[in-house]
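>>> Got a sequence here, can you model it:
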Amino acid sequence: MKISEIQELPPAEIRSQVEKLRQSVWKMRFQAKGEPMESPGALRQMKRDVARMLTVLRAKELAAGRDGHETGRGTRNTRTKKSVVSAGSTVTDSTQNDSASGE
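Numbering: from 1, shown residues only. Predicted coordinates for the structure are as follows:
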C-alpha cells in the first residue's frame, strides 16, 4: 500500500488495517516454519506496510496536537553521572555545579 493511499484513510481505519496485517504476519511466520512459503517477499512487504501505516498514523497524531506530551520538547529525563570510589566512600553526583564547589 502506498503512503498516499494510507494518508487518505482516517486514523481508525489505519489502526484496524495495522491489526489485520499484524495478524497476517503472525500467521505467515508460523506457516513458514512448517512448509516453504509461496512468496517469501510477502512477509517483508507486510512488515513494511505496517511500518508505513504506523508512521502515517503518528504524523497525523502530531499534526492534531496529540503527541502524548503536555509540554512538548525537553520532557526527557537527563542522565546523571554517579560514581562510587570505593567501599565505604561517599557517592559523587556530577549533577552539582562544579564551578560552585571551587574546582
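>>> Can you show me the helices along the protein?
Shown for the chain, the helices assigned by DSSP state H span residues 3-8, 11-34, 41-63.
>>> can you put the ones you listed in JSON lines and add mean neighbour count?
The C-beta positions use only the backbone N, C-alpha and C, and glycine is treated the same way. Below are the helices of the chain laid out as JSON lines (neighbours: other Cβ atoms under 10 Å):
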{"stretch": "helix 3-8", "mean neighbour count": "12"}
{"stretch": "helix 11-34", "mean neighbour count": "13"}
{"stretch": "helix 41-63", "mean neighbour count": "14"}
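>>> Using a markdown table, lay out those together with mean pLDDT.
Converted to a markdown table, the helices of the chain look like this (pLDDT from 0 to 100):
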| stretch | mean pLDDT |
| --- | --- |
| helix 3-8 | 92 |
| helix 11-34 | 91 |
| helix 41-63 | 93 |
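>>> if I look at L21, how far off is L62?
Taking Cβ to Cβ, to the nearest Å as the measure, L21 falls 22 Å from L62.
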